[in-house]
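Colleague: missing the sequence, but the structure's below:
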Ligand SMILES: Nc1nc2c(ncn2[C@@H]2O[C@H](COP(=O)(O)OP(=O)(O)O)[C@@H](O)[C@H]2O)c(=O)[nH]1
Ligand SMILES: [Mg+2]
């Protein structure tokens, strides 16, 4: 059934070497600490076997599929205004035109898409791979995604975990093109949520495309729409730099000139932007090396934030434990001492009452302590509580206004953290001495090893 040749997957020795080094750092500097604190590392190691990839995301009917067709110079992907396409398509090079179903894609050993299997059968049944003998695809895979439907209750709109599938594709991608169109300049709930949560930490790969500018009747309309998009993006993306926004259109679909009465803005300037986008997509293989290092650094930084917040939580937990159990021990010792002092002067029944009260008080204190600790553990499921511990852990940096990226990293990490705290109670955190050793190794990776890797690709 599968006619895709193994030779279609071009060997990428340079990336493989770099990827190997990155993998070693993941294994030695990141994984031990991550495992000890139930931190889920991204799934982007060992991706050199996949071709450099451009991922197309955005509103439905914003022109993703049309742009892919434009790149390929043929009508490959279905296009249209109705949100009919609800699956992902991987477009890759093949000696013959061919289409492969999701199950085969996910289980094929050479294609390296096994991790998609985790998204479940509903996702797999909506996944396709198309192979085409197009030159552009010799170097790059393109991934078309379903449009994002704006719905209040998003859980009912899809049968699979849409955000997670986007995340997995985005982690593997080398360039992510996020399409908006003039109708909805970044106002749909799903679009904003996809940007803020799902793509957190991957902003360096992101390019924003405001498409279909040929639809604007006047420059004022264009400016208004562009302004709205920037405003919404600035709310959604909290990193220092907002990704570059490309404004463009597809000449073959432009409405201009269809009728003399149709008033449109001049379009020639927007042709340059389209050429720039195409150039950037073609640069995906060059971006690959950079992304391998950037992803590693991003994971290391996120893990170090996770570790520090865990440290804070662990220390509050231990202090609470010490306070209550210390009080119980204190009561027990005080009762014993008092009874010993008064042994001669009290009769048996008085001693019995004293002993009983001491024990009861001790047990009540232990019970209160346990209740308090349980309340604390339960509070870790609430994001507001986690926000507080984050602020406490990074009090100095936040007050000094250093590390502007901290809050953005935290925002992306928070969900993961509350999930991992469900698995790992603070009582089970590794000992401080172990944590410090692992954290030291991670800090060395962030400060020395990863910059060294970056210099190596810089010099290459
Ligand atoms: N006027 C105009 N229409 C476009 C442009 N790009 C795409 N379209 C139209 O927009 C509709 C949706 O495009 P499609 O590629 O299917 O969007 P997708 O849902 O993001 O894949 C189609 O009818 C296209 O013809 C453009 O640059 N200008
Ligand atoms: Mg489409």
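Modeller: Done, it's in. Predicted model, so just to flag it, every value in this text is computed and none were measured. Ligands and ions are numbered 1, 2, ... in the order given.
Colleague: Help me confirm that residue 55 is found in a helix?
Modeller: No. Residue 55: not assigned to a helix; according to DSSP: H, G, I helix; E, B strand; the rest coil it is strand.
Colleague: Which residue is the nearest non-sequential neighbour of it?
Modeller: The spatially closest residue to residue 55, leaving aside those adjacent along the chain, is residue 173, at 3.8 Å (C-beta to C-beta, 6 or more residues apart in numbering). (Each C-beta comes from the backbone N, C-alpha and C, glycine too.)
Colleague: got it, and residue 36?
Modeller: Excluding its sequence neighbours, the residue lying closest to residue 36 (C-beta to C-beta, 6+ apart) is residue 430, at 4.6 Å.
Colleague: Over to residue 191?
Modeller: Nearest non-adjacent residue to residue 191, counting by C-beta to C-beta, 6+ apart: residue 148, 5.4 Å away.
Colleague: Under a three-state scheme, what state does the residue of the chain found nearest ligand 2 occupy?
Modeller: Proximity of the chain to ligand 2 (C-beta to the ion) peaks at residue 65, 3.3 Å away. Secondary structure, three-state DSSP: residue 65 is helix.
Colleague: where's it relative to ligand 1, distance?
Modeller: 3 Å (C-beta to the nearest ligand atom, to the nearest Å).
Colleague: Partner strands of the helix or strand harbouring residue 176 and their direction?
Modeller: Assigned by DSSP states H and E, residue 176 falls within strand 175-180. Paired neighbours of strand 175-180 in the sheet (DSSP bridges): strand 53-58 (parallel), strand 206-210 (parallel).
Colleague: Output those in a markdown table; the columns should cover distance to ligand 1, mean pLDDT and mean neighbour count.
Modeller: Shown next, in a markdown table, are the strands paired with strand 175-180 (distance: least, C-beta to the nearest ligand atom, whole Å; pLDDT from 0 to 100; neighbours: other C-beta atoms under 10 Å):
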| stretch | distance to ligand 1 | mean pLDDT | mean neighbour count |
| --- | --- | --- | --- |
| strand 53-58 | 6 | 93 | 27 |
| strand 206-210 | 10 | 92 | 23 |
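Colleague: could those strands go into JSON lines alongside distance to residue 338?
Modeller: Formatted as JSON lines, the strands paired with strand 175-180 follow (distance: least, C-beta to C-beta, whole Å):
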{"stretch": "strand 53-58", "distance to residue 338": "71"}
{"stretch": "strand 206-210", "distance to residue 338": "68"}
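Colleague: so who does residue 267 touch?
Modeller: Contacts for residue 267 (C-beta atoms under 8 Å, 6 or more residues apart in numbering) come out as 213-214, 249, 251, 254, 256.
Colleague: err, residue 246, not the other one
Modeller: Contact partners of residue 246, counting by C-beta under 8 Å, 6+ apart, are 207-210, 273-274, 276-277.
Colleague: and the residue nearest to residue 36, that one's in a strand?
Modeller: No. Counting by three-state DSSP, residue 430 falls outside a strand, being coil.
Colleague: hang on, it packs against residue 38?
Modeller: No. If you go by C-beta atoms under 8 Å, residue 430 and residue 38 don't touch, sitting 10.8 Å apart.
Colleague: Next, the closest residue to residue 61 other than its chain neighbours: secondary structure please.
Modeller: Spatial nearest neighbour of residue 61, excluding adjacent residues (C-beta to C-beta, 6+ apart): residue 81 at 5.0 Å. Look at residue 81: counting by three-state DSSP, its state is coil.
Colleague: For residue 81, what are phi and psi?
Modeller: phi -80, psi -20 (degrees, to the nearest 10).
Colleague: Run a quick neighbour tally on it.
Modeller: A count of neighbours around residue 81, defined by other C-beta atoms under 10 Å, yields 7.
Colleague: Could you do residue 142 as well?
Modeller: For residue 142, the count of nearby residues is 28 (other C-beta under 10 Å).
Colleague: In the stretch 1-150 of the chain, where is pLDDT below threshold?
Modeller: For the stretch 1-150 of the chain, applying pLDDT under 70 flags the ranges 1-15, 43-49, 83-85, 149-150.
Colleague: Strands along that one, start to end?
Modeller: 53-58, 88-93, 98-101, 127-132, 141-144 (DSSP state E, counting those that start in this stretch).
Colleague: For the third one, buried residues please.
Modeller: What that stands for is strand 98-101. 98, 100 (16 or more other C-beta atoms under 10 Å).
Colleague: and it, what other elements does it pack with?
Modeller: In this structure, strand 98-101 makes packing contacts with strand 127-132, judged by 3 or more C-beta pairs under 8 Å, 6 or more residues apart in numbering; DSSP states H and E.
Colleague: swap in the fourth one?
Modeller: Secondary structure elements in contact with strand 127-132, counted by 3+ C-beta pairs under 8 Å, 6+ apart, are strand 88-93, strand 98-101, helix 102-107.
Colleague: next one: that strand to chain centre, how far?
Modeller: Mean-position distance between strand 127-132 and its chain equals 25 Å (C-alpha atoms, centre = their mean, to the nearest Å).
Colleague: Taking their axis directions, it and strand 88-93 sit at what angle?
Modeller: Interaxial angle, strand 127-132 versus strand 88-93 (axes from the mean of the first three to the mean of the last three C-alpha atoms, to 10 degrees): 20 degrees.
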